[in-house]
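>>> prediction below, plus the sequence it came from.
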Amino acid sequence: MKVVLKNIEKRGYKGNIDSYLKEGGYNAFKKALKMKPDQILFEIKKSKLVGRGGAAFPTELKWEFAKKCKEYPKYVVCNADEGEPGTFKDRIILENDPHLVLEAMIICGFTVGAEEGFIYIRGEYFKAYEILKRAIEEAERNNFLGKNILGSNFSFKITLFRGAGSYVCGEETALLDSLEGKKGQSRVKPPFPTFVGFKNKPTVLNNVETFANIPEIILKGGDWFSQIGSPLSCGTKLYCLSGDVNRPGVYELPANITLKELIEKCGQGVRGKLKAILPGGVSSNLLTDKELNITLDYPSVQKAGSMLGSGAVIIINDSRCIVDLAKRCAEFFDYESCGKCAPCREGTKRTREIFANITQGQGNLSDILLLKELQEVMYDTSRCGLGQAALNAVRSIIEKFPGEFKEHISKKKCKLKICPM
Amino acid sequence: MINLTIDGQKVRVPKETTIFEAAKKMNIDIPHLCYHEDLSIYGACRICVVEIDRRPRLEPSCATVVEEGMVVRTNTARIRRARKMIVELLLANHPEDCFTCERSQTCELGKLAYDLGVRELRFKKARKYHYEPDTTSPAIIRDPNKCIQCSRCIRVCSEIQSVGAIEFVNRGGRTQVLTFFNKGLNNVECTTCGQCILACPTGALRERTVVDEAWEVISNPKKFVVVQTAPAVRAAIGEEFGMPPGSLVTSKMVTALRRLGFDRVFDTQFGADLTIMEEAHELIERIKNKGTLPMVTSCSPGWIKYIEHFFPECLEYLSTCKSPQQMFGPIAKTYYAQKAGIKPQDMCVVSIMPCVAKKFEAQRPEMKASGVQDVDVVLTTREAARMIKEAGIDFVNLPNEDFDKPLGISSGAGVIFGATGGVMEAALRTAYEIVTGRTLPRIEFEEVRGMQGIKNAEINLNGLSLKVAIAHGLSNAKVLLEEVQKGKSPYHFIEIMACPGGCLGGGGQPMPTNLEIRKARAKSLYQEDKNKPIRKSHQNPAIITLYKEFLGKPLSEKAHKLLHTSYTKRNRY
Ligand SMILES: Cc1cc2nc3c(=O)[nH]c(=O)nc-3n(C[C@H](O)[C@H](O)[C@H](O)COP(=O)(O)O)c2cc1C
Ligand code: SF4
Ligand code: SF4
Ligand code: SF4
Ligand code: FES
């Protein structure tokens, strides 16, 4: 069952406007134009679609809040920053079916009463940027974008904006600051962007994949969509399978698939012996082979003590040193912390140092307790999701691999000879 | 109104109140670092976190608005642990040189660490960054190694002062507060007002200390050292010795300075009276001869530097009068030196100022009217207090002594120079009597007093309705100057002070300096004015003699040479 990749997986599909139109592209928008915004919202509500950017917030609610706001102008923003390590699904969509996202944004603008949209695209996505640029021009030429679209009194334009290589700019409020030309740092929430967003105006901000589901929901109805997957997580999900698997890649599957099925059916098995899984990128807690039977929907992964996030399933085999993995995560967050709030700025810095010490044979058993406490305090007090989740992986590694961890500290030994002891 | 529960007690507060403010009403001062009452909310230090029912995480009380039925706890084990750890994290990145730090007695980070019971630093092998301090400015030193990135300096500089000389650069742990392209404070549009120093919770910002230079000249037998003290100092220096804010300690201060070894203890208020004589006459001249109006006061060096950077095309509006400090200097080194039989090069003028910008001002190339540098050493109130402490003087219990004559004689008009509106009031007292030839019916101009950001008034001067305005804090000054720039200013005369509250809120004053304290200091200055037998500059006998014996009359050629100055157009960076 394909919703998002339905065109992309067709042979010979080119992703330009002609191919898109041939596959029925922009019919959803044409249909939406004849609907009342409230009807559109009702379909999305019935679809039970939740955000695919990580937080799994009901999409319909965002749109509804923004629509109800009496402040104008309103904005639609597509989050195409895709910075979470192990996530590469949005790129596939943007490079191969850009009009799908444009169409969804246009529908969103029509629904909430916005006339301007932005795509905030990861700076390194050069190819996707060029493709999107061309797609926007095509859409303008065909009057799917521009003034009085298709003879209606609805006008909409989309502007591309390139990020400059900061992970935290994928966080919605940091993204908005960056989009406004400021330093990309998170804002105080509440107020949420739906009420006070770009230039302090109501703004719908959704992930690329979230948007990509919209046209099919409009065409086939919310009920149809909600039948897919499981009642816990409706629709499909794009899983980015990477790491030590035989066939890494992006797989679109109904969200009632188990972790084991994903690895074995899609990934054709683990390369080597399975050691651990990061189900939602480096911000998520580690899972082990004991948890292979969980289904990959948002609530189930959460129940297993982790999170699905953007769907970056990273497989780790037994040739990898788990302390080295923790160290790499710590380095990533130290490098990417925006530096605004004290617990994250200083906490990530100290974590990185502690791991540098441990992997050089200078660890201390008290580091374990300290890291646990630090994780709790950073989760409790950091200003945005980056700091709150920065030590998730570290914490779960300490808890699930206590032996390997203590061996590094007490015996000053890395069995796999990866750490520079 | 919103009802909520904080620590088990019910409270009712207006909508939009933050939890922090609501707690304050219940006498709970939630520990904080990046919060500052004068500034916008930043919500980044996370020290002020509290527990709120049904919220998964702790929330910053300074940045969280109350909601109906909210249940808040401000002091639980979870909160205490979090706060303590955040302070530990900040300390792990902080140089451990508290003993030798300028702020060791007033450091908010250190106090917090003490209050929260941080007695051990668990993050031991912490790497510290070693940044070069910014020492380009003659007035201010920035030591980025002590910065905890609370942004209070950045906010005061942009929000209160509309300058924006400093901003955060870089990301994460490499975040630093810097000037444009790290050119240094002296090479950008910094006004040297020093408000950022007052705002800073740590020793990352401080004045360029010249205490050693002061000791050196005092102990040099070849130097005749005179000291002048600005009006605002006497209403504040007591705070450094534990006295309540606004304690008026003029005579103790004089005694203390004499004991430090100054040869003469004089008063900048004498300079202020002189400023009024020149400025009032300049105003009358400009009105009579249809000169450039409005005339804008020029006694706040931070303000002067601001206008030079930001409104270089408006310099002609400035009065050409030097500030009281810089009028005092050349008069001491010419008039008084002659009288006392001392060569100007053997005399040393030390001034004690509430101000950091005065350090910059004294070094301007124009300030050599006496043939040598007019003012040699500029100390802040804080530095002077430290010298008194260093000398072991029991300030609080000192006997009272009087200023030396004649440059220690001043009027009540000179006193109120230290408060916003004071220069205006002093000038009006003199201008009124010169123009009308009549005695003022009511000496106090209440309408120009008080802490409102921009004040205005209209005074009848022999049929001319004189329109005046007063601004303090450069953001307020900017509003008035933009009118001037557009040619739309309705005023004849504008007083501007760079610092909130006027000099009594200057960047060199004791810490903390906040609205309440500024008000207390103002109150005592107005009290001192009331106590003075002479309250108008033109009636100061020492001023009258100075003109008779030396200057001739206001705006004379000699007065121009010694007491007036010119300004420099400056770039923004
Ligand atoms: C540190 C951090 C980085 C994030 N990066 C991304 C990202 O690259 N792309 C994305 O869509 N959402 C990202 N998010 C989530 C967004 O904040 C936001 O929840 C999401 O874009 C909302 O869209 P959705 O409702 O469609 O999921 C990030 C969040 C955090 C805290
Ligand atoms: S949690 Fe980290 S990334 Fe987020 S605001 Fe704080 S410092 Fe910035
Ligand atoms: S001295 Fe004044 S102008 Fe200069 S940086 Fe500090 S606050 Fe800004
Ligand atoms: S210099 Fe001081 S006020 Fe400015 S950010 Fe650093 S600690 Fe805060
Ligand atoms: S005082 Fe509230 S976050 Fe700093």
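Thanks, I have it. Ligands and ions are numbered 1, 2, ... in the order given.
>>> got the domain boundaries for chain A?
A:17-227, A:230-317, A:322-409 (automatic domain parsing).
>>> is chain B within reach of the second one?
Think domain A:230-317. No. Contact of domain A:230-317 with chain B (Cβ under 8 Å from any Cβ of the partner chain) is absent, the minimum separation being 12.3 Å. For every residue, glycine as well, the C-beta is placed using N, CA and C.
>>> B:N170: what's it in contact with?
A:339, B:176 (Cβ atoms under 8 Å, 6 or more residues apart in numbering or on different chains).
>>> got the buried residues for whichever strand or helix holds B:E279?
Of the helices and strands defined by DSSP states H and E, B:E279 is found in helix B:268-288. Of all the residues in helix B:268-288, those buried under the rule 16 or more other Cβ atoms under 10 Å in any protein chain shown are B:268-284, B:286-287.
>>> pLDDT value on the one residue in chain A that gets nearest to ligand 3, please?
Closest to ligand 3 within chain A is A:K183: 18.4 Å, counting by Cβ to the nearest ligand atom. According to the prediction, A:K183 has pLDDT 93.
>>> past the helix holding B:E279, which element shows up next along the chain?
strand B:295-296.
>>> what's A:R91 in contact with, if anything?
By Cβ under 8 Å, 6+ apart, A:R91 lies in contact with A:82, A:122, A:125, A:128.
>>> grab the nearest non-local neighbour of whichever residue of the stretch 351-500 of chain B sits closest to ligand 3.
Among the residues of the stretch 351-500 of chain B, B:V356 lies closest to ligand 3, at 6.7 Å counting by Cβ to the nearest ligand atom. Nearest-residue entry for B:V356: B:G194, 3.0 Å, with adjacent residues in sequence omitted and distances by Cβ to Cβ, 6 or more residues apart in numbering or on different chains.
>>> I'd say that neighbour and B:S137 touch.
No. Counting by Cβ atoms under 8 Å, B:G194 stays clear of B:S137, with 10.0 Å between them.
>>> what about the two, which has more around it?
When B:G194 is set against B:S137 and neighbours are counted by other Cβ atoms under 10 Å in any protein chain shown, the residue ahead is B:G194, at 30 against 22.
>>> give me the pLDDT for that one.
98.
>>> A:K189 too?
85.
>>> what does A:A55 give?
pLDDT at A:A55 comes out at 89.
>>> quick one: the residue of the stretch 251-400 of chain A found nearest ligand 4 and ligand 5, what's the gap?
At 10.9 Å from ligand 4, A:A342 is the closest residue in the stretch 251-400 of chain A, using Cβ to the nearest ligand atom. Counting by Cβ to the nearest ligand atom, to the nearest Å, the gap from A:A342 to ligand 5 is 8 Å.
>>> report how many residues lie close to that residue.
27.
>>> from chain B, how far out is it?
5 Å (Cβ to the nearest Cβ, to the nearest Å).
>>> picking up where we left off before, so which of the domains of chain A gets nearest B:M451?
Closest to B:M451 of the domains of chain A is domain A:17-227 (Cβ to Cβ; 28.5 Å).
>>> show me where the stretch 101-250 of chain A has helices.
Taking DSSP state H, counting those that start in this stretch to define them, one finds helices in the stretch 101-250 of chain A at A:126-141, A:172-179, A:208-220, A:222-227.
>>> for the longest one, which positions count as buried?
Right, the one you point to is helix A:126-141. So for helix A:126-141, counting by 16+ other Cβ under 10 Å, buried means A:128-129, A:131-132, A:135-136, A:138-139.
>>> avg pLDDT for it?
98.
>>> counting by contacts, list what it packs against.
Contacts defined by 3 or more Cβ pairs under 8 Å, 6 or more residues apart in numbering or on different chains; DSSP states H and E place helix A:126-141 against helix A:17-22, helix A:89-96, helix A:98-112, strand A:116-121, strand A:157-162.
>>> so does that helix get close to ligand 1?
No. Using Cβ under 6 Å from any ligand atom, helix A:126-141 never reaches ligand 1; the gap is at least 13.2 Å.
>>> what angle do helix A:98-112 and that helix make with each other?
Counting by axes from the mean of the first three to the mean of the last three Cα atoms, to 10 degrees, helix A:126-141 lies at 60 degrees to helix A:98-112.
>>> having no further points to raise, I will conclude here.
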